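Novice: build me a model from this:
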Amino acid sequence: MNIAVGISTKNCAKTIGNVVRVVDEGLREYFPDKEGLIIVSDGFSTDKTRDIAERIKTESEKIVKEQEGSLGKGNGVRTILSLSKEKEVKAIALVDGDLTSIKPEWIKRLLLPVLEGNDLVVPFYLRDRYDGVITNQIAFPLTKTLYGVNIRQPIGGEYGLSSHYSEIALSHKLFPAKFGIDIFLTTVACCEGMKIVESVLGIKEHESTKEYKDPEKLLVPMFYQVVGTIFKLIGYYKEHIKKVRGMREIERIGEIPSLAPARIPVDKEALLTKFKAKYQEFIQGKKEAEFLGELLPSFNEIDKENIENFSLPLELWVQAVYFSINAFLKGEEVMDILRALWQGRFIALVKETEKMNNQEAEDYIQKQVDVFAKYKCLSK
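Specialist: You can find the predicted model right below:
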């Protein structure tokens, strides 16, 4: 096999049929002279995902199998990469099985840069300001600040990998089993000298976005897994981080379309209620929160505010992130505490950007990196 597209699924019966068809169309249209393979790596779906994927007729060879190991997207990706290695695939694309906006040209944009000599293709999407709450508040600013690499969507979900980089990733001791796989692929490539490009894919829409309305259902488990992986990688690459100087700009392939993503509705009152409940559960008067030190009195005052007066300043949030990283690397339990503060900071972000147009909101999110850079000295 010359090229492969791996599709990670879990209960994607509504979307997997179209994703497989589009992937097959992309392979046929843009790589007619290549032997293409479609791998559906299923995370133990309880609906008809695997049956539907099996029934779809494709011109490309297709393999549908349950992922190896325990439940988790990382193990699904490991299954794809391992099978691609067995098949001696030269370029591998990874896409999610719940995509509703995937187009055949995505396959070209993920695979062609790899065939031209790059090791990792990361996606560039147009996303609503409230789609990507882990990306915008933690993953993007930390990746840019600590590793000196300007990648806007470091946990974008869709990737292109060379066989060379795939082998490096598979042998890495921190290869994650769950949601941390996206930030892992980006971070390891940044630190291991891989050739990276961004590829413009346009607007990303996926079925799981609907579950953002209930953070406890998807976003909170994702937060623990993604942020835990970010912090572990910071510890692993701490010597590399010390040597980072300047900013490495990543080539962006493709033109950004003049489109606007659909707005994601946010219920500020409901989010505030959940923030206050988690603040009382994990932070107020708790010994585990003592690592926040002189920041605690300010957070305690914020917890008393109603939605009209609520504000969790960016500088306070950034300091809390760095305090959390330091405590985490000492072996302290910080995720419950940071998770509560993250939910509070998201409410503040909503209030600060809700009257902005799309470009103004994006500029605001980009400018947050300046504050992360200002307090980088807190990172030990």
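Novice: I'd say Phe275 and Ile347 touch.
Specialist: Yes - if you go by Cβ atoms under 8 Å, Phe275 and Ile347 touch, sitting 6.3 Å apart. All C-beta atoms are positioned from the backbone trio N, CA, C, and that covers glycine.
Novice: chain neighbours aside, what residue packs nearest to Leu296?
Specialist: Leaving aside its sequence neighbours, Leu296 sits nearest to Ala289 (Cβ to Cβ, 6 or more residues apart in numbering; 6.5 Å).
Novice: how many neighbours does the one you found have?
Specialist: Taking other Cβ atoms under 10 Å as the criterion, the count of residues near Ala289 is 22.
Novice: quick one: low-confidence residue ranges for the protein.
Specialist: Low-confidence segments of the chain, defined by pLDDT under 70, span residues 1, 207-218.
Novice: which residue is nearest the middle of it?
Specialist: Relative to the mean C-alpha position of the chain, the nearest C-alpha, by Cα atoms, centre = their mean, is the one of Ile155, at 2.2 Å.
Novice: wait, is it part of a strand?
Specialist: No - counting by DSSP: H, G, I helix; E, B strand; the rest coil, Ile155 is not part of a strand but coil.
Novice: so the closest residue to it other than its chain neighbours versus Tyr147, what's the distance?
Specialist: Closest residue in space to Ile155, ignoring its immediate chain neighbours: Asp182 at 3.9 Å, by Cβ to Cβ, 6+ apart. When Cβ to Cβ, to the nearest Å is applied, the distance between Asp182 and Tyr147 equals 15 Å.
Novice: which of these two has more neighbours?
Specialist: Neighbour comparison, Asp182 and Tyr147: the larger count goes to Asp182, with 29 against 23 (by other Cβ under 10 Å).
Novice: the more buried one contacts Glu158, doesn't it?
Specialist: No - applying Cβ under 8 Å, one finds Asp182 not in contact with Glu158, separated by 9.2 Å.
Novice: coming back round to it: is it true that the residue nearest to the centre of the chain touches Thr135?
Specialist: Yes - distance between Ile155 and Thr135: 5.6 Å, which falls inside the contact criterion (Cβ under 8 Å).
Novice: the helices in the stretch 51-200 of the chain, which residues?
Specialist: Secondary structure of the stretch 51-200 of the chain, counting by DSSP state H, counting those that start in this stretch: helices at 73-86, 104-115, 133-134, 140-147, 163-171, 181-191.
Novice: circling back: show me what contacts the residue nearest to the centre of the chain?
Specialist: With contact taken as Cβ atoms under 8 Å, 6 or more residues apart in numbering, Ile155 is in contact with Ile134, Thr135, Ala139, Asp182, Ile183, Thr186, Val226.
Novice: next up, phi/psi of it, please.
Specialist: Backbone dihedrals for Ile155, given as degrees, to the nearest 10, come out at phi -130, psi 50.
Novice: Ser379 now?
Specialist: The phi/psi pair for Ser379 (degrees, to the nearest 10) reads phi -80, psi 120.
Novice: now it: closest residue in space, sequence neighbours ignored.
Specialist: Taking Cβ to Cβ, 6+ apart as the measure, Ser379 lies nearest to Tyr322, with 5.2 Å between them; neighbours along the chain are not counted.
Novice: so which helix or strand takes in the one you found?
Specialist: With the criterion set as DSSP states H and E, the secondary-structure element containing Tyr322 is helix 314-329.
Novice: hmm, back to that, looks like the residue nearest to Leu296 contacts Leu295 (just checking).
Specialist: No - Ala289 is not in contact with Leu295 according to Cβ under 8 Å; the separation is 9.5 Å.
Novice: my impression was that Gly6 belongs to a strand - is that right?
Specialist: Yes - assessed with three-state DSSP, Gly6 lies in a strand.
Novice: can you pull the contacts of it?
Specialist: Counting by Cβ under 8 Å, 6+ apart, Gly6 touches Ile39, Val40, Ser41, Val77, Ile80, Leu81, Ser84, Ile92, Ala93, Leu94, Val95.
Novice: could you tell me how many residues sit around the fourth one?
Specialist: When you say that, I think you mean Val77. When neighbours are defined as other Cβ under 10 Å, Val77 has 28 of them.
Novice: apart from its chain neighbours, what residue comes closest to it?
Specialist: The shortest distance from Val77 to any non-neighbouring residue, by Cβ to Cβ, 6+ apart, is to Ile181 (5.0 Å).
Novice: quick one: Pro123 from Phe299, how far?
Specialist: As for Pro123, its distance to Phe299 is 35 Å (criterion: Cβ to Cβ).
Novice: I meant Leu338, not that one.
Specialist: Taking Cβ to Cβ as the measure, Leu338 and Phe299 are separated by 12 Å.
Novice: alright, calling it a day.
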